[in-house]
Structures are given as C-alpha cells and as structure tokens.
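> Provide a 3D model corresponding to the input given below.
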Amino acid sequence: MATKRPRLDAEDDPGPNSQVKKIEDISSELSHLTTETKRRRQDVAARRAANADKDVSVVKTSLKSFCTEQSKTLPWEEVLKDMNKMVLEAYVLANTHNVRLCHLRLPVKPLTQNFFHQRLLTVSSGRPLGNKHFRASVELYNSWHAAGVPPASNRYIARGWQHNPALQMKTNSENAVTLNFYRRLHKQIKRSYYIDGSEAYLMYPTHEQRLPRRQTASASSAD
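You can find the predicted model right below:
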C-alpha cells in the first residue's frame, strides 16, 4: 500500500538550490574571516600607511609617443648617458658633502628637492654653487676625477628636466633614511651606549661627552 509523503516547505527543501545557498553562505563566512585576519596584521597596516604618500609616479610610455617632432632628432643614447652620469655624480657629490659636514660636526641640510637640484647643476656645469663648505666638497670631489674627464653634458638637458630627477633623488633618499638609516643608527646606539626604547631617539646636547659603558668601565678599572 502506497503511503503519501509529507510535503516539505521551501526552507526545508533539500534540493539543489538549498545546497547552493548553503555553499554560498559558507564561502561568504570564510571570506569574511580571511579579511578580518588580514586586517589584524599590524605590519601590513603599517607598511601600507608608510607607502600611502607617494611623490613620484611612473608611467610607461614609448619614446616615440613621448617625444615631439623636434625632439625625435636628438641623439637619445648620448642624452640618456649624460642624464645617468649626472644623477650618479650628483649622488656621489651629495654623499661626499654630507660626510664632510659630519666630520666637521656641522649640521646637514635637509634632503630636499632643491638640495639635489643644486648638486645636479654643480656636476653638469662644473661651477660650485653654495657656501665655502660646499665649495670645499666640490674641490675634493673634483680632485678624484681623472685628468681630462669632462663633466656630464647638459647641452640637450633643460633645467626643467633636472627638476624631475631631483625630485626622484629626494624621494629615494627619504625612503632610504626612513627605512634603512634610522634602523641601523638605532642598532648602533643600542650596542654602543646600551640605550634602547624612546631614549635612543633623544639627541642630548652633551652627546660628545657620553662614552660607551665599555670604555667607561675599562677606564675605571685602569685607575
């Protein structure tokens, strides 16, 4: 004798549509948990915050579309070599000058766009621009050049072009100081002076008189 099966409601129907709905709910829940897990990572949030402000944008384009009709006749291989040489020499000159200032215990100027633009003008023109300390750095840098080596030619490089690499040099230097130099300096202070935490970020007026504990201990034992 055949029996009549009870009728199921739509919400209790175990058909294919109900199974798909359950799979979608599970996938949505897993995606939500994964998103929440990523958001809890402090290192990722800190890295995104540090890279949020960008001063330089790179756009990929062909040289033909970038140039005007007149600029297509330029000797581009020589122009690019001169530009790369100019940027390289400007970096070396800037490092030479900053190291000299550190040895003389003089303040180092901020690494601004104008700072690097002045270095680009100096290495391309061969004329030192600035105060006596910078002119002394230029003389020292020029003494390292072999005799007869010409400076980077700026014949086809307008000053407007020099502002672009100056901005890129400024951005690269700020990133290097923030992400590399500060970390190395903090480690050096911690190892030499046994100072850690917030104290390592304080610049004391009498820091020349502060000796590492190792030297102080050795001096007291010698007495």
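> how about A49, secondary structure?
Secondary structure, DSSP: H, G, I helix; E, B strand; the rest coil: A49 is helix.
> the lengthiest helix in the chain - contacts with which helices or strands?
The residue-count maximum for a helix in the chain (DSSP state H) belongs to helix 76-103. Counting contacts by 3 or more C-beta pairs under 8 Å, 6 or more residues apart in numbering; DSSP states H and E, helix 76-103 is packed against helix 113-125, helix 132-143, helix 159-176. Backbone N, C-alpha and C define where each C-beta goes, glycine included.
> identify the residues contacting the shortest one?
Defining contact as C-beta atoms under 8 Å, 6 or more residues apart in numbering, one finds that helix 132-143 is touched by 92-93, 96-97, 100-101, 104, 106, 122, 128.
> check the first one too.
Counting by C-beta under 8 Å, 6+ apart, the neighbours of helix 113-125 from elsewhere in the structure are 86-87, 89-91, 93-94, 97, 109, 128-130, 138, 151-154, 157, 159, 162-163, 165-167, 169-170, 173.
> show me where the chain dips below the pLDDT cut-off.
By pLDDT under 70, the low-scoring segments of the chain are 1-23, 26-40, 50-57, 128, 158-160, 197, 201-223.
> would you list the contacts of helix 132-143 in JSON lines and tack on neighbour count and distance to F116?
What follows is these, written out as JSON lines (neighbours: other C-beta atoms under 10 Å; distance: C-beta to C-beta, whole Å):
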{"residue": "V92", "neighbour count": "14", "distance to F116": "12"}
{"residue": "L93", "neighbour count": "23", "distance to F116": "10"}
{"residue": "T96", "neighbour count": "16", "distance to F116": "14"}
{"residue": "H97", "neighbour count": "24", "distance to F116": "11"}
{"residue": "R100", "neighbour count": "17", "distance to F116": "17"}
{"residue": "L101", "neighbour count": "16", "distance to F116": "16"}
{"residue": "L104", "neighbour count": "10", "distance to F116": "21"}
{"residue": "L106", "neighbour count": "11", "distance to F116": "19"}
{"residue": "T122", "neighbour count": "24", "distance to F116": "10"}
{"residue": "P128", "neighbour count": "18", "distance to F116": "15"}
